[in-house]
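>>> need the 3D shape of this:
(one chain, ligands or ions: 1)
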Amino acid sequence: MDKDAKIYVAGHRGLVGSALVRELARLGYGNLLLRESRELDLRNQADTLALFQAERPEYVFLAAAKVGGIAANNSFPADFIYDNLMIQNNVIHSAYLNGVAKLLLLGSTCIYPRLAPQPIREEALLTGPLEPTNEPYAIAKIAGIKLCQSYNRQYGTRFISAMPTNLYGPNDNFDLDSSHVLPALMRKFHEAKVSGSPSVTVWGSGTPYREFVHVDDVARASLFLMERYEGWEPVNIGSGQELTIRELAEKIREVVGFTGEIVFDSSKPDGTPRKLSDVSRIHQLGWRHGIELMQGLRDTYAWYLANLC
Ligand code: GDP
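Numbers count the residues shown, from 1 in each chain. Predicted coordinates:
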């Protein structure tokens, strides 16, 4: 990408999109096309097409999506499948119609089967049933991958896709009803410390394993793939390191400086038992993560204190 190439970051106010904008700015890309969702609803086909016709972006990072944690996915399945299908259909089709040179779709490792062999290789896609708590979201993202591949096959486009594992960092959603586990626990431990509560409640059994990757690493990996990857298969982005929800809770308790107990609420769902991505494909391409979990937790807690307290 030339430094003056017109680059559309769809979803630039979100966790991944805002990290992409920071990284692009840091590297000197100065011609970014950005629209907030209140200015442009990407679920609207005519409005999305009009943006592409008027602005003619050369590169597109498709980071706009309806995302959320296990409770939000479980409570609003229609929103998760409809919004994501509409956004992807509109952006990918408009990109094709308007000659976009290259597009990167961001998804998630929840596209893989619930009981896929671990660590999960990209080849596991569509080899078994999905985790029910986020199946509608996953189906939409699988459709996004297939859209990219189909346009490449029929129209010769260069649309690629990347699947980050559970991610976290600045601009994450810290709302306890809709967030993912890491920001939720950071907020719970912080509020318990401030109020002097004796304990913090963690959903589920604490035994599921999850892998986390800092969003600044995801932004760097996304740029790396945009520059270097031409394959049609999705590429996992992760740290390749997992821990249990209990271990995660203990680390966050330490970072926040809470000294009380951790209590597990087994009435809440565990979700998929294990979700470790195989990152050998992106390692072979020449990229690996740089931010280890403890450092990322400290940085994210500092951001939370500075911005949300
Ligand atoms: P998932 O990775 O798609 O299952 O999404 P989440 O990040 O929402 O949840 C990951 C795991 O953390 C699940 O086993 C949750 O039950 C567990 N968890 C524990 N406490 C919380 C919490 O306060 N919020 C959320 N979202 N998950 C929690």
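
>>> can you pull out the strands in this structure?
7-10, 32-33, 59-62, 102-106, 159-164, 166-168, 199-203, 209-214, 235-237, 242-244, 261-265 (DSSP state E).

>>> partners of the fifth one, with directions?
Listed by DSSP bridges, the sheet partners of strand 159-164 and their directions read strand 102-106 (parallel), strand 235-237 (parallel).

>>> looking at those, which is buried most?
Of these, the one with the most neighbours on average (mean count of other C-beta atoms under 10 Å) is strand 235-237, at a mean of 26. Every residue, glycine included, has its C-beta placed from N, CA and C.

>>> ok, residue 304 to the ligand distance?
From residue 304 across to the ligand, the span is 15 Å (C-beta to the nearest ligand atom, to the nearest Å).

>>> quick one, which of the strands paired with strand 159-164 is nearest to residue 61?
Closest to residue 61 of these is strand 102-106 (C-beta to C-beta; 5.3 Å).

>>> buried residues, the lowest-mean-pLDDT helix or strand in the chain. List them.
Every helix and strand of the chain was ranked by mean pLDDT, DSSP states H and E. The lowest is helix 70-75, at a mean of 93. By 16 or more other C-beta atoms under 10 Å, the buried positions in helix 70-75 come out as 70-74.

>>> can you check stretch 21-36 too?
21, 23-24, 29, 32-33, 35.

>>> stretch 87-97 too?
For stretch 87-97, the neighbour count (16+ other C-beta under 10 Å) marks 87-96 as buried.

>>> so what's residue 297 closest to, chain neighbours aside?
Spatial nearest neighbour of residue 297, chain neighbours left out: residue 255 (4.6 Å); criterion: C-beta to C-beta, 6 or more residues apart in numbering.

>>> what does residue 47 give?
Excluding its sequence neighbours, the residue lying closest to residue 47 (C-beta to C-beta, 6+ apart) is residue 40, at 5.8 Å.

>>> please apply the same query to residue 292.
What sits nearest to residue 292 in space, not counting adjacent residues and going by C-beta to C-beta, 6+ apart, is residue 239, at 7.7 Å.

>>> against the ligand, how distant is the one you found?
According to C-beta to the nearest ligand atom, residue 239 and the ligand sit 15 Å apart.

>>> residue 76 now?
Counting by C-beta to the nearest ligand atom, the gap from residue 76 to the ligand is 13 Å.

>>> distance of the residue nearest to that residue when sequence neighbours are not counted from the ligand?
In this structure, residue 76 finds its nearest non-sequential neighbour in residue 68, 7.5 Å apart by C-beta to C-beta, 6+ apart. Counting by C-beta to the nearest ligand atom, the separation of residue 68 from the ligand is 8 Å.

>>> re earlier: which one of the strands of the chain lies nearest to the ligand?
strand 199-203 (3.5 Å; C-beta to the nearest ligand atom).

>>> is the closest one anywhere near the ligand?
Yes. Applying C-beta under 6 Å from any ligand atom, one finds strand 199-203 touching the ligand at 202-203.

>>> how about the residue nearest to residue 297, what does it touch?
Neighbouring residues of residue 255 by C-beta atoms under 8 Å, 6 or more residues apart in numbering: 186, 294, 297-298, 301.

>>> and the furthest pair within these?
Spatially, the most separated pair among these is 186 and 294, at 13.2 Å (C-beta to C-beta).

>>> okay, those two: which has more neighbours?
More neighbours surround residue 186 than the other of residue 186 and residue 294, with 25 against 11 (other C-beta atoms under 10 Å).

>>> residues contacting the residue nearest to the more buried one when sequence neighbours are not counted?
Counting by C-beta to C-beta, 6+ apart, residue 186 lies nearest to residue 252, which is 5.5 Å off, once chain neighbours are set aside. If you count contacts by C-beta under 8 Å, 6+ apart, residue 252 has them with 182, 185-186, 189, 297.

>>> all helices of the stretch 51-200 of the chain, in order?
Taking DSSP state H, counting those that start in this stretch, the helices of the stretch 51-200 of the chain run over residues 70-75, 77-97, 135-155, 181-195.

>>> what bits of the protein have low per-residue confidence?
Residues of the chain meeting the criterion pLDDT under 70: none.
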